[in-house]
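Peer 1: only geometry, no sequence info:
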């Protein structure tokens, strides 16, 4: 192993290898504060260096774990002392912005926030956004097909990548950087790497699709009496928005009440308690026009009995106060001894019954367990939090109850976080044996020695 | 071979096998009126039958060509007397429309127009649209990743498929029908089949993503002085439309003049001749609001010198008259002895210079050759037609000149039509050797005996 490390050091230089305390001083993952474990962190500065590193590791059968911002939520970069981490942190360049083509070419280590800021300088928007924006990298976001706040309007990461460059396990560089919106020249190879969590190749560069920058936004919190109103309102508001609808978040009553209750710094804008609350946002470029159309759409919804009450944010501060209700996490931490989070997709029409049934199943497991639900409704994505108290059921028991219910509704065990190690055992709930066999076939074909992020997503 | 055919007949029944005149009475492809050649056309009625057919063909090493509506433009279903055609024409069912989830589950043989009509019945839109809508099938559109009129707003076929079912060469059914907008449960296998032109599997079912149905549209023909105005106008109109921009077609002067000249039934709405013409359309649900915003956006564009003249359609008839200029093909047929069409992508900022250079190169080849250009500008997609007279250069010579120029600008030799047989020789212009090697590796892995649409896209 020392021979290999020396050879790798020859490629990337002293600056390109971290060992010992420099490795242990990093956190193992977003959820776990233990020291990172690895033989070394390799930090190539160019795709040529990265390719040369992989070629050596491939020859030596050395397992390699690609590393972005390490903010993933599914333990997809979990490592042991035998692993070699392959970090993109020295490949962060923004290479070009094409204003007419509305695209940006970046190295995969570029930080999301840097990409946002560079786009804005050109009057453009890179629309994928999420909480970890200050740390997460474009490469990690591609590898996990990140979702976030604006999927409804702008799609997930997969829809924002016009082209990419990736390095296969054996060091072969696949350069598919033709950054065109339309490109039907043979197989769309970039799709293989997006969302495969670093198991099929290491993404090193990308051409990202940008949009014109919206400069106005308007937002409302809406109280709703029943789920029929929720689904009707989704359709009405999407129709009225005509492309401007950026967020339609639904909060079940328990979630909303906890986040506006005594354990929270935030207050409900409504005097009464309702079964569902929707946070809706439109974005655009003409403040007055956007606002006027939004108010009219809400007025029509009220007249047609699609909503019960609504509060429109009158200022940026009020908007932030509404979003804070949806984003607050402190109340959970204060109220429960521990929580377990889930990220599932299911059919919108099944959501209400799914949540009811899951409540019943959880109550059977532990009558003190609380189910908190919010979701990106229009995306079919619900985030579930199970709040637990000491001496409650085990992590595994809660998982079993939740995923059994997801399975009963033919849901997906991950909408946007991915599988990694965390959900590997549950993947067969959402994918059929023939699908898993085909995934394994692809893995064995592209990475015959199994060196790239081994053991993640599925076992061979 | 007779043994195989008998065994296949056992599976699909008498109705499921066409031979002899029933095969020859069909046209070989959209471009060629010769009789179709094949041993037989197999017409399974279920995925189980289709799978059983492929299992037998795989065992026998029998080449199979999947067949949709046979309206493709790249000879991807070209066949010889040895081939077995596998038609989806008896698998046309629309299985379900989920109004809340805004999706539709269909068998792959469903005709596009039927899908359009069924969506409209539910107040929804299936937004991929193209000229062959009365014949082309959803399966063929997925296999070729069809584009069409509304890519700018709604994406290509790839973006409209939430889930699919496909059958591998050996008969294995891959059912990835979890029709969620967000689904990060392992590799996104459907991407393998979309756009692979029937070489990796036969798509048998799909869950399609629908949208709220726009009920209003507004449209203008715009005259523009130079290409700087064109690119600035694209950005301005997209920004002002805020999601409502559905089409932005650009026509170079020669194309527009031919289509509004003496050989045409259509007339220019302008008194003068301009270098570029743009056809712009917004769609939405509120007629008055849409119209008002559109007019205001054009007024601002005029004030800011982004356009020279503009005519807004005042009625549906006027709209159709404007679109007819862009869609007319009779003038080409009348004016030239023959024409050659191309479908390329390139960077928007390069388009003007590309067209100039190509004109020069074509003039060197044949001074009577005429280059006609229009394109889906915002998609980066230009459609080129070279108009030729008798005793002009050969088909191959024209291809060489056009694709050499595309290569010089790092363009894609197909934006939306695909490669098939027609562009196979030119694929290496747009894709690198390592990419082609990876495509071949995928092909050999998924179809080890090479029975699925052999020889299309690339040679092994």
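Peer 2: Looks like it came in fine. These numbers come from a predicted model, not from an experiment. Numbers count the residues shown, from 1 in each chain, chains lettered A, B, ... in the order given.

Peer 1: residues touching the residue in the stretch 101-250 of chain A that chain B sits nearest to, list them.
Peer 2: Chain B sits closest to residue A:243 of the stretch 101-250 of chain A, with a gap of 1.7 Å, by CB to the nearest CB. All C-beta atoms are positioned from the backbone trio N, CA, C, and that covers glycine. The contact partners of residue A:243, by CB atoms under 8 Å, 6 or more residues apart in numbering or on different chains, come to A:153, B:153, B:241, B:242, B:243, B:244, B:284.

Peer 1: again, 7 Å this time
Peer 2: B:242, B:243, B:244 (CB atoms under 7 Å, 6 or more residues apart in numbering or on different chains).

Peer 1: In TSV, list these along with secondary structure and distance to residue A:390.
Peer 2: TSV is the format used below for those (DSSP: H, G, I helix; E, B strand; the rest coil; distance: CB to CB, whole Å):
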residue	secondary structure	distance to residue A:390
B:242	coil	51
B:243	coil	49
B:244	coil	54
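
Peer 1: which element is the residue of chain A positioned farthest from its centre on?
Peer 2: In chain A, residue A:3 marks the outermost C-alpha relative to the chain mean, sitting 38.2 Å out by CA atoms, centre = their mean. Here residue A:3 sits within helix A:2-12, counting by DSSP states H and E.

Peer 1: which strands and helices sit next to the helix or strand following that helix?
Peer 2: Once the chain leaves helix A:2-12, the next helix or strand it forms, by DSSP H and E, is strand A:17-18. Judged by 3 or more CB pairs under 7 Å, 6 or more residues apart in numbering or on different chains; DSSP states H and E, strand A:17-18 is in contact with strand A:40-42.

Peer 1: Could you please name the strands the strand it packs on pairs with and the direction of each pair?
Peer 2: strand A:17-18 (antiparallel), strand A:84-87 (parallel) (DSSP bridges).

Peer 1: Could you list the low-pLDDT ranges of chain A?
Peer 2: Counting by pLDDT under 70, the ranges of chain A that qualify are A:1.

Peer 1: Which residue ranges make up each domain of it?
Peer 2: A:2-87, A:94-212, A:216-327, A:336-430 (automatic domain parsing).

Peer 1: Around chain B, which positions in the stretch 51-200 of chain A sit nearby?
Peer 2: A:98, A:100-101, A:144-145, A:147, A:151, A:156, A:159, A:172-176, A:178, A:180-189, A:191, A:195-196 (CB under 7 Å from any CB of the partner chain).

Peer 1: Which of those residues fall within strands?
Peer 2: A:98, A:173, A:174, A:175, A:176 (DSSP state E).

Peer 1: among the residues you listed, who's most crowded?
Peer 2: Compared across these, residue A:176 has the highest neighbour count, 29 neighbours, by other CB atoms under 10 Å in any protein chain shown.

Peer 1: bridging residues for it?
Peer 2: Applying DSSP bridges, one finds that residue A:176 bridges with residue A:164.

Peer 1: if I pick it, what's in contact with it?
Peer 2: Residues in contact with residue A:176 (CB under 7 Å, 6+ apart) are A:163, A:164, A:165, A:189, A:190, B:435.

Peer 1: can you do 8 Å?
Peer 2: Residues counted as contacts of residue A:176 (CB under 8 Å, 6+ apart) are A:163, A:164, A:165, A:166, A:189, A:190, B:431, B:435.

Peer 1: By neighbours, which of those wins?
Peer 2: residue A:166 (30 neighbours).

Peer 1: hang on, isn't that one packed against residue A:203?
Peer 2: Yes. Residue A:166 is in contact with residue A:203 according to CB atoms under 8 Å; the separation is 4.8 Å.

Peer 1: For those two, list the residues in contact with both.
Peer 2: With CB under 8 Å, 6+ apart as the test, residue A:166 and residue A:203 both reach residue A:193.

Peer 1: the longest helix in chain A is where?
Peer 2: Taking DSSP state H as the criterion, chain A has its longest helix at helix A:287-303.

Peer 1: for the nearest residue to residue A:5 once chain neighbours are set aside, which residues make a bridge with it?
Peer 2: Leaving aside its sequence neighbours, residue A:5 sits nearest to residue A:40 (CB to CB, 6 or more residues apart in numbering or on different chains; 6.1 Å). Going by DSSP bridges, residue A:40 is paired in beta bridges with residue A:84.

Peer 1: Could you measure from residue A:40 over to residue A:65?
Peer 2: 11 Å (CB to CB, to the nearest Å).

Peer 1: Quick check: neighbours shared by these two?
Peer 2: With CB under 8 Å, 6+ apart as the test, residue A:40 and residue A:65 both reach A:84, A:85.

Peer 1: Are there helices or strands packed against the longest helix of chain A, and which ones?
Peer 2: The contact analysis (3 or more CB pairs under 8 Å, 6 or more residues apart in numbering or on different chains; DSSP states H and E) places helix A:287-303 against strand A:216-224, helix A:227-241, strand A:276-284, strand A:309-312.

Peer 1: Up against chain B, what does the stretch 351-460 of chain A have?
Peer 2: For the stretch 351-460 of chain A, the residues in contact with chain B (CB under 8 Å from any CB of the partner chain) are A:376, A:378-381, A:410-419, A:423, A:427, A:430-432, A:434-439, A:441-442, A:445-446, A:457-458.

Peer 1: related to what we said a few turns ago, got a list of contacts for the longest helix of chain A?
Peer 2: Counting by CB under 8 Å, 6+ apart, A:215-218, A:220, A:222, A:233, A:236-237, A:240-241, A:244, A:282-284, A:307, A:310, A:312, B:242, B:286, B:289, B:293 sit against helix A:287-303.

Peer 1: hang on, residue A:178 packs against residue B:430?
Peer 2: Yes. With contact taken as CB under 8 Å, residue A:178 and residue B:430 are classed as touching, separated by 6.5 Å.

Peer 1: more crowded one of these two?
Peer 2: A count of neighbours by other CB under 10 Å puts residue B:430 above the other of residue A:178 and residue B:430, at 25 against 22.

Peer 1: dump the residue contacts of the more buried one.
Peer 2: By CB under 8 Å, 6+ apart, the residues touching residue B:430 are A:178, A:183, A:185, B:406, B:407, B:411, B:412, B:413, B:414.

Peer 1: Now flag whichever of those is closest to residue A:368.
Peer 2: Residue A:368 lies nearest to residue A:183 out of the contacts of residue B:430, by CB to CB, at 54.6 Å.

Peer 1: Pairing partners for the closest residue to that closest one other than its chain neighbours in the sheet, please.
Peer 2: Computed as CB to CB, 6+ apart, the closest residue to residue A:183 that is not its neighbour in sequence is residue B:412, at 4.5 Å. Beta bridges link residue B:412 to residue B:345, judged by DSSP bridges.

Peer 1: My read is that residue B:412 contacts residue B:342, right?
Peer 2: No. Residue B:412 is beyond contact range of residue B:342, at 11.0 Å (criterion: CB under 8 Å).

Peer 1: joint contacts of those two?
Peer 2: Joint contacts of residue B:412 and residue B:342 (CB under 8 Å, 6+ apart) are residue B:406.

Peer 1: Pull the distance from stretch A:175-184 to the chain's centre.
Peer 2: Stretch A:175-184 sits 24 Å away from the centroid of its parent chain (CA atoms, centre = their mean, to the nearest Å).
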